[in-house]
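**Student:** Mind looking at a prediction? Sequence and model below.
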Amino acid sequence: MTLRRIVFLMVFLAYGTASLCAPALDFAFFRDQVQPIFLKKRVGHARCVACHQHGSPPLQPLSPGAATWNEDQSRKNFEVWKQFVVPGEPMKSVMLLHPLAKDAGGDRFHAGGKHFPSQNDPEWQILAAWVNGQTNGGSK
């Protein structure tokens, strides 16, 4: 085996298999557990949907009179928001870092404010569970 092949094999084993080990992101868990977080009213903060309905990353506009998204809108939300997470890596996922307080490990800025004071916040834990492959049935 040549040195080039050995190096390739080492790189593949180190990085190439990472995606094979990453958990799948579950649509139903996103729809049923994550999306309600985007709609929740919080004291001193706008609801996520208030900004992200017109901002980046976007959420689908709610249909007139609707309290939540329909199935098609939810799928579109899922397809967009999964691009802002690293499956299996909550602390590398922008979706979790932006709204997390800086002293709890979040990044420095989120235009909508810091919604989660710590990684122990129940809603932050739901987001992390989704990133870690949680399903509605409880399995990863």
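**Tutor:** The structure has been received and is ready for your questions.

**Student:** low-confidence ranges in this structure?
**Tutor:** 1-20, 138-140 (pLDDT under 70).

**Student:** Would you state the helices of it in chain order?
**Tutor:** 3-11, 18-21, 27-29, 35-39, 48-52, 71-81, 94-97, 122-131 (DSSP state H).

**Student:** Which of these sits closest to residue 111?
**Tutor:** In terms of CB to CB, the element of the helices of the chain nearest to residue 111 is helix 48-52, at 6.6 Å. No exception for glycine: its C-beta is placed from N, CA and C like everyone else's.

**Student:** The closest one: how far from the chain's middle?
**Tutor:** 15 Å (CA atoms, centre = their mean, to the nearest Å).

**Student:** what does stretch 72-79 give?
**Tutor:** Centre to centre, stretch against its chain (CA atoms, centre = their mean), the figure for stretch 72-79 is 13 Å.

**Student:** And that stretch, what's buried?
**Tutor:** 73-74, 77-78 (16 or more other CB atoms under 10 Å).

**Student:** ok so, going back, wait, which of the helices of the chain is closest to residue 116?
**Tutor:** That would be, of these and by CB to CB, helix 122-131, which comes in at 4.1 Å.

**Student:** And stretch 100-116, end to end?
**Tutor:** The first and last residues of stretch 100-116 sit 5 Å apart, counting by CA to CA, to the nearest Å.
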